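Student: just a sequence and a predicted model for now, questions to come.
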Amino acid sequence: MAQANAKERLRGRDDPDFLDVELARKGDLEAFGRLYDEHVARINSLAEWMLSGVEVDDALQDIFLRAWQKIETYRGEASFQTWLRRLAVNVLLRRRATRRDWDYRYQSDEEQVASYASRQDLQLYTDIEIALRSLSERCRDVFVLHDVEGYKHDEIATLLGISAGTSRWQLHDARMTLRKHLQ
Amino acid sequence: MPDHWSEQLSAYLDDDLSSVEREALGDHLRSCESCRAALEEMRRVAEWAASFPGRKPEVDAWPEIEARIAEDLISGSKPERKSSFWGTIAAGLAALTPAVGTRWAGFAKTAAITGLVGISLFGMGRSLYLERMTDSLERKASRLDLELASVATGMIWHRSAQDLRDQVGKGFQFNCPSYGEPDAVWGTGEYTDDSSVCNAAVHEGWITHSSGGTVTIKITPGRDWYPGTSRNGVESREWEEWAGSFVVVQAEPWPEPSIEPNVRATVSLPVAIEADPEVTVDLGFSAEGGVYSLIGWDDTAIAFRGWTGTRIGLMCPGGSRGRTVWGSGPYTDDSSICTAAVHAGLITLAEGGRVVIDIGPRFPDYRGTSANGVETLDWEGGWSGSFTFREAEGLR
């Protein structure tokens, strides 16, 4: 067992975050701050895509707080970036599943886009990012989980409570829509 | 690209087709310039997504995160992992539920929780320990005299027990309509109170998604850990600390629908007694002996394939952009029912409404048309299930 752990640790040295992760595991908050700086952009975009605008700031805090709390359990089997992004998806889906706000669940797409627009200066965004936001929630979830986060269809099916076939169709629909907005 | 080849482009891009399908599509691509262009554009979309660097938040979240971490460090509330031995025992005892009956399972769970409290003594403050021990004793006291203090009618499968958190020790009854939807569940035997109550009952094996049923739960205090397991087709997830829980103490499934070929099926759907104040829709509308079940815009009729002649009342919520539909009546059974109803002129995207579908057989071709602002697609080469609309009433 000790030998296996040693191998995992050595493999972790290829990860550019290795040193900061090791320091953060020992309680170094500055090192964890550097990990935040390195990864916050991807995590923020993920939160923007999976939640409504008003919730993103809170969710971002929850994700990094939970990462801090759970970093002791990170074993280095995957890169820290992969571990953090998987944790973020779990927190975001959990957050959404616990939100029993019927109005939001059936918020019209126009309202969702308006919510997004009110939070952000859309001029900063590319057409494809805006188009991604205008997809239906389910379609956007599947696209983000598959093409951005690298999940497989059977994993997405489990996460979202849909069939793998539905996941494939939603991905197809999303790509067909988004291709019109490539620059 | 109206032909069915275009539907396979995404799977082709991901190398997700059988060798036969891949070869056939490859042959088609050589002669279809628009398909090649679409494939290339989809490839660029996927590449864009994989390499997207993200955008930093407009307001830096780090100062707030740093402050919250510092708060946690001062209060010493950084979570500590429970002994995996006790976790295994708790999960094992909870897993006995169907075999030994509710009462003994409740006892087993209590014993397991007490064990968790004991083993954790070294890792927590004395006051916290006493608080949790008191909880444990209260659970023991209330274990044998479950009182059905009031009845709540949770008509929808998404309904949780979170709003009942302050009713610890009391029992509540939920009506889960037939043909329920999967939803998230955390725990085994004892579930986080934000879990779907109806799905927890499926996980425990009391009812099925198709049967639905009346489910009685008891509200219990929060726990430090909820084990995740896969049972009866429901995958419950693991979760650590949560402030409220419930256990399913009893459930009675509705009779399974009786299906006879070409005869209208009797589908048992409960009439809602009292509307959930959080849900403003009325599910108690009754017509032809049935009740309209609330569905989403992604829902299709594929679960009813083969039940030709079955008539089902459904209700679509308002506010959607519409989903994919094949055909113009009959529609393929994998079409979005609600979107097809808009196409048929029965309801609107903005307002939704009630519709009744008849499940139909296989048809060789489905012709797409444009109507009422919805463009449906062609499907050629046969599709094994279909549906048509019988009647409708718009929801106001």
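Tutor: On my side now, so go ahead.

Student: buried stuff in the lengthiest helix in chain A?
Tutor: In chain A, assigned by DSSP state H, the helix with the most residues is helix A:29-50. Neighbour counts over helix A:29-50 (16 or more other Cβ atoms under 10 Å in any protein chain shown) mark A:31-33, A:35-36, A:39-40, A:42-50 as buried. C-beta here means a position set from N, CA and C on the backbone, and glycine is covered the same way.

Student: got it, and stretch B:39-50?
Tutor: B:39, B:41-42, B:44-46, B:48-49.

Student: centre of the chain to the longest helix of chain A, how far?
Tutor: 10 Å (Cα atoms, centre = their mean, to the nearest Å).

Student: next secondary structure after that helix?
Tutor: Next in sequence after helix A:29-50, counting helices and strands by DSSP states H and E, comes helix A:53-70.

Student: circling back to that earlier point, just checking, what packs against the longest helix of chain A?
Tutor: If you count contacts as 3 or more Cβ pairs under 8 Å, 6 or more residues apart in numbering or on different chains; DSSP states H and E, helix A:29-50 packs onto helix A:18-25, helix A:53-70, helix A:80-98, helix A:127-134, helix A:137-143, helix B:62-75.

Student: which one of those is the most hemmed in?
Tutor: With neighbours defined as mean count of other Cβ atoms under 10 Å in any protein chain shown, the helices and strands packed on helix A:29-50 peak in mean count at helix A:137-143, which reaches a mean of 23.

Student: contacts for that one next, please.
Tutor: Here helix A:137-143 makes contact (Cβ atoms under 8 Å, 6 or more residues apart in numbering or on different chains) with A:49-50, A:112, A:132-133, A:135, A:156, A:160, A:162, A:167, A:170-171, A:173-175, A:177-178, B:49, B:298.

Student: among these, which ones are in helices?
Tutor: When the contacts of helix A:137-143 are checked against helices (DSSP H), the matches are A:49-50, A:112, A:132-133, A:156, A:160, A:167, A:170-171, A:173-175, A:177-178, B:49.

Student: sort those residues by pLDDT and name the bottom one.
Tutor: pLDDT across the ones in helices among the contacts of helix A:137-143 is at its lowest for A:Q112, which sits at 49.

Student: how about low-confidence regions in the stretch 201-350 of chain B?
Tutor: B:255-294, B:303, B:305-306, B:319 (pLDDT under 70).

Student: quick one, helices of it?
Tutor: Ranges of helices within the stretch 201-350 of chain B are B:337-343, based on DSSP state H, counting those that start in this stretch.

Student: any chance you could map the strands in it?
Tutor: Using DSSP state E, counting those that start in this stretch, the strands of the stretch 201-350 of chain B run over B:213-223, B:230-231, B:234-235, B:242-253, B:258-260, B:263-266, B:286-287, B:290-291, B:293-294, B:311-316, B:331-332.

Student: between those strands, which one is closest to B:V356.
Tutor: B:V356 lies closest, by Cβ to Cβ, to one member of the strands of the stretch 201-350 of chain B: strand B:311-316, at 5.1 Å.

Student: right, is that closest one up against chain A?
Tutor: No. Using Cβ under 8 Å from any Cβ of the partner chain, strand B:311-316 never reaches chain A; the gap is at least 9.8 Å.

Student: which neighbouring elements make contact with that strand?
Tutor: With contacts taken as 3+ Cβ pairs under 8 Å, 6+ apart, strand B:311-316 sits against strand B:290-291, strand B:293-294, helix B:337-343, strand B:353-360.

Student: direction included, what does that strand pair against?
Tutor: Strand B:311-316 pairs in its sheet with strand B:293-294 (parallel), strand B:353-360 (antiparallel), by DSSP bridges.

Student: in CSV: these, plus mean neighbour count.
Tutor: What follows is those, written out as CSV (neighbours: other Cβ atoms under 10 Å in any protein chain shown):
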stretch, mean neighbour count
strand B:293-294, 22
strand B:353-360, 22
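
Student: could you tell me the least trusted of those strands?
Tutor: Of all the strands paired with strand B:311-316, strand B:293-294 has the smallest average pLDDT, which comes to a mean of 65.

Student: so what's A:D57 closest to, chain neighbours aside?
Tutor: Spatial nearest neighbour of A:D57, chain neighbours left out: B:A61 (6.4 Å); criterion: Cβ to Cβ, 6 or more residues apart in numbering or on different chains.

Student: so what's B:G213 up against?
Tutor: Contacts here follow Cβ under 8 Å, 6+ apart; on that basis B:G213 touches B:176, B:201, B:206-207, B:251-254.

Student: wait, B:S386 touches B:I337, no?
Tutor: No. Using Cβ atoms under 8 Å, B:S386 is not in contact with B:I337; the gap is 11.6 Å.

Student: what's the overlap in contacts for these two?
Tutor: If you check B:S386 and B:I337 against Cβ under 8 Å, 6+ apart, no residue is contacted by both.

Student: follow-up on the earlier one: next, the angle helix A:80-98 makes with the longest helix of chain A.
Tutor: Per axes from the mean of the first three to the mean of the last three Cα atoms, to 10 degrees, the angle that helix A:29-50 makes with helix A:80-98 is 50 degrees.

Student: contacts only, for the residue nearest to A:D57.
Tutor: By Cβ under 8 Å, 6+ apart, the neighbours of B:A61 are A:40, A:57, A:60-61, A:64.

Student: next, give phi and psi for B:S196.
Tutor: Note on B:S196: backbone dihedrals following degrees, to the nearest 10 are phi -70, psi 120.

Student: how close does it sit to B:A161?
Tutor: The gap separating B:S196 from B:A161 is 9 Å, by Cβ to Cβ, to the nearest Å.

Student: again with B:L346
Tutor: 35 Å.

Student: repeat for A:L159
Tutor: Going from A:L159 to B:A161 by Cβ to Cβ gives 23 Å.

Student: the more surrounded of those two?
Tutor: Remark: of A:L159 and B:A161, B:A161 carries more neighbours, 26 against 19, as counted by other Cβ atoms under 10 Å in any protein chain shown.

Student: how close does the more buried one sit to chain A?
Tutor: When distance is defined by Cβ to the nearest Cβ, to the nearest Å, B:A161 is 11 Å away from chain A.

Student: I'd say that residue and B:T216 touch.
Tutor: No. In this structure, B:A161 is not within contact of B:T216 by Cβ under 8 Å, at 11.5 Å.

Student: between those two, what contacts are shared?
Tutor: With Cβ under 8 Å, 6+ apart as the test, B:A161 and B:T216 both reach B:F172.

Student: closest one of the ones in helices among the contacts of helix A:137-143 to A:V91?
Tutor: Of the ones in helices among the contacts of helix A:137-143, the one sitting nearest to A:V91 (Cβ to Cβ) turns out to be A:M50, at 9.9 Å.

Student: contacts only, for the residue most central in space within chain A.
Tutor: The centre of chain A sits closest to A:L46, judged by Cα atoms, centre = their mean, with a distance of 3.9 Å. Taking Cβ under 8 Å, 6+ apart as the contact definition, A:L46 lies against A:85, A:88-89, A:92, A:144, A:148-149, B:54.

Student: against A:D141, how distant is it?
Tutor: Counting by Cβ to Cβ - A:L46 and A:D141 are separated by 11 Å.

Student: ok, A:I128 next?
Tutor: Counting by Cβ to Cβ - A:I128 and A:D141 are separated by 17 Å.
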